[in-house]
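Student: just coords:
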């Protein structure tokens, strides 16, 4: 459904910037849970992922979480979107901090968007382990009664067809088996387009993030409770 060249450009660029943002290693890290206003009564969304969600190279107001919040508002959805992205996170690191992050919120989220797996793939970690970690994240969210959605990731071409066959189906498979929502590749329509990227040619700039958020907003809005 996509040309081989397009896929190579998209994933090759992604490989470079995720590696650039990675702190290295898989040791779990703790961080102060993202803040949210307890008095806010609209839907609460948590963007739980790696550098793509963390807003690498952007001002805080330009990152994915605030941009998605604005995109939802344009659709008449008054939601609060919390940035829970950590650059360099693997699925194992995400799983390790999930409970800490959720426990630090003032109330249960209405949706957690999970955007993890890129660093697993770039380090050549076992797709089976990536699948198991994502499944555990979704299971914990389900145990807590928190709806979840996954953003899709793709294997880099240099990892070979065998790795791609094991890695690429993970997201759709887990969405089917767990009932989680499934969103498309995060950088679709932005990767390989200099006018939507930072000067390094790899990270989305503010315009790119706005476009990504506008593209994802309809699906996110559909996964939120009606007023």
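Tutor: Good, I have the coordinates. Only a predicted model underlies this, so the values are computations on that prediction, with no experimental measurement involved.

Student: Rounded mean pLDDT for stretch 66-85, please.
Tutor: Averaging pLDDT along stretch 66-85 yields 96.

Student: For it, could you pull out the residues that count as buried?
Tutor: Neighbour-count burial for stretch 66-85, counted by 16 or more other Cβ atoms under 10 Å, picks out 66-69, 71-72, 77, 79-85. C-beta here means a position set from N, CA and C on the backbone, and glycine is covered the same way.

Student: now, which of the residues you listed lie within strands?
Tutor: When DSSP state E is applied, the buried residues of stretch 66-85 are split such that 80, 81, 82, 83, 84, 85 fall in strands.

Student: For residue 225, state which of the residues you listed is nearest.
Tutor: Nearest to residue 225 among those, counting by Cβ to Cβ, is residue 80 at 13.4 Å.

Student: Quick check: the closest one vs residue 53, distance?
Tutor: Counting by Cβ to Cβ, to the nearest Å, the separation of residue 80 from residue 53 is 15 Å.

Student: what do you get for residue 41?
Tutor: Distance, residue 41 to residue 53, by Cβ to Cβ: 24 Å.

Student: Please pull out the lowest mean pLDDT helix or strand from the chain.
Tutor: Sorting the helices and strands of the chain by mean pLDDT, DSSP states H and E puts helix 4-21 at the bottom, at a mean of 48.

Student: ok, which stretches of this protein are helices?
Tutor: With DSSP state H as the criterion, the chain has helices at 4-21, 51-54, 64-74, 91-103, 118-122, 127-143, 160-167, 170-178, 206-222.

Student: can you pull the buried residues of the fourth one?
Tutor: Just to be clear, that refers to helix 91-103. For helix 91-103, a neighbour-count test (16+ other Cβ under 10 Å) marks 91, 92, 93, 94, 95, 96, 97, 98, 101, 102 as buried.

Student: Report the contact partners of the spatially closest residue to the first one that is not a sequence neighbour.
Tutor: The shortest distance from residue 91 to any residue other than its chain neighbours is 3.5 Å, reached at residue 133 (Cβ to Cβ, 6 or more residues apart in numbering). For residue 133, the contacting residues are 90, 91, 92, 94, 95, 116, 120, by Cβ atoms under 8 Å, 6 or more residues apart in numbering.

Student: pretty sure the last one is touching residue 91, no?
Tutor: Yes - look at residue 120 against residue 91 with Cβ atoms under 8 Å: they come within range, at 5.4 Å.

Student: Could you dump the contacts of residue 133 into a markdown table and include pLDDT and distance to residue 110?
Tutor: Formatted as a markdown table, the contacts of residue 133 follow (pLDDT from 0 to 100; distance: Cβ to Cβ, whole Å):
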| residue | pLDDT | distance to residue 110 |
| --- | --- | --- |
| 90 | 97 | 26 |
| 91 | 98 | 23 |
| 92 | 98 | 26 |
| 94 | 98 | 20 |
| 95 | 98 | 21 |
| 116 | 96 | 20 |
| 120 | 95 | 27 |
